[in-house]
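*Asks:* Can you look at this prediction? I've put the sequence above it.
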Amino acid sequence: MTDPEHDPRWAAVRAAGRRRVPTPPGLVERVLRSLDGERSAEPLQLPSDGGTLSVSEPAFVLLARTVADTEAAAVPGLRVSAVALADSRLQVLATVRYGVVADEAADALRERITAELTRQLGAQSPVVDVHVVDVHPD
């Protein structure tokens, strides 16, 4: 494989990187709350066949991070950067290797995480959003 920095198609990646992406409403406040250690006192409520599973946010995020890292290893060219719970949705930030189709990799990871969380919890997983936030050359 040639060095992606010398590939003429890399110009499209640089151009996309220069485009300003608006900050989602409330993101800064949520990040600052998480840095202060402020967590929702309310447990996450997940529907299951036997009723409702209650799980604390820190425990769920820890499990989700472990699952995301494990499942990302099965998606070639994809790495997990961060995992957080926001508005009862699991937010996964990922990077892809240059040349990997980002949408396909994100969809594959989303499906794998959702299935594995549902299996491990025995309850319906929250909605999983996978955001490709960067491209790496190797």
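*Replies:* Looks like it came in fine. On a predicted model such as this, the values are computed, not experimentally measured, just so you know.

*Asks:* Pull the distance from stretch 46-61 to the chain's centre.
*Replies:* Counting by Cα atoms, centre = their mean, to the nearest Å, stretch 46-61 is centred 19 Å from the centre of its parent chain.

*Asks:* what's in contact with that stretch?
*Replies:* The contact list for stretch 46-61, computed with Cβ atoms under 8 Å, 6 or more residues apart in numbering, reads 39-40, 43-45, 83-85, 121-126. C-beta here means a position set from N, CA and C on the backbone, and glycine is covered the same way.

*Asks:* Save the residues you listed as JSON lines, and put in distance to residue 17 too.
*Replies:* Putting the contacts of stretch 46-61 into JSON lines (distance: Cβ to Cβ, whole Å) gives the following:
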{"residue": "39", "distance to residue 17": "33"}
{"residue": "40", "distance to residue 17": "34"}
{"residue": "43", "distance to residue 17": "39"}
{"residue": "44", "distance to residue 17": "34"}
{"residue": "45", "distance to residue 17": "39"}
{"residue": "83", "distance to residue 17": "23"}
{"residue": "84", "distance to residue 17": "23"}
{"residue": "85", "distance to residue 17": "27"}
{"residue": "121", "distance to residue 17": "37"}
{"residue": "122", "distance to residue 17": "41"}
{"residue": "123", "distance to residue 17": "39"}
{"residue": "124", "distance to residue 17": "36"}
{"residue": "125", "distance to residue 17": "32"}
{"residue": "126", "distance to residue 17": "30"}
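
*Asks:* Just put the residues you listed in JSON lines and tack on secondary structure, pLDDT and neighbour count.
*Replies:* Output for the contacts of stretch 46-61, formatted as JSON lines (DSSP: H, G, I helix; E, B strand; the rest coil; pLDDT from 0 to 100; neighbours: other Cβ atoms under 10 Å):
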{"residue": "39", "secondary structure": "coil", "pLDDT": "55", "neighbour count": "13"}
{"residue": "40", "secondary structure": "coil", "pLDDT": "58", "neighbour count": "12"}
{"residue": "43", "secondary structure": "coil", "pLDDT": "90", "neighbour count": "14"}
{"residue": "44", "secondary structure": "strand", "pLDDT": "91", "neighbour count": "19"}
{"residue": "45", "secondary structure": "strand", "pLDDT": "93", "neighbour count": "12"}
{"residue": "83", "secondary structure": "strand", "pLDDT": "92", "neighbour count": "21"}
{"residue": "84", "secondary structure": "strand", "pLDDT": "91", "neighbour count": "16"}
{"residue": "85", "secondary structure": "strand", "pLDDT": "90", "neighbour count": "19"}
{"residue": "121", "secondary structure": "helix", "pLDDT": "95", "neighbour count": "19"}
{"residue": "122", "secondary structure": "coil", "pLDDT": "94", "neighbour count": "11"}
{"residue": "123", "secondary structure": "coil", "pLDDT": "95", "neighbour count": "20"}
{"residue": "124", "secondary structure": "coil", "pLDDT": "95", "neighbour count": "15"}
{"residue": "125", "secondary structure": "coil", "pLDDT": "94", "neighbour count": "19"}
{"residue": "126", "secondary structure": "coil", "pLDDT": "95", "neighbour count": "19"}
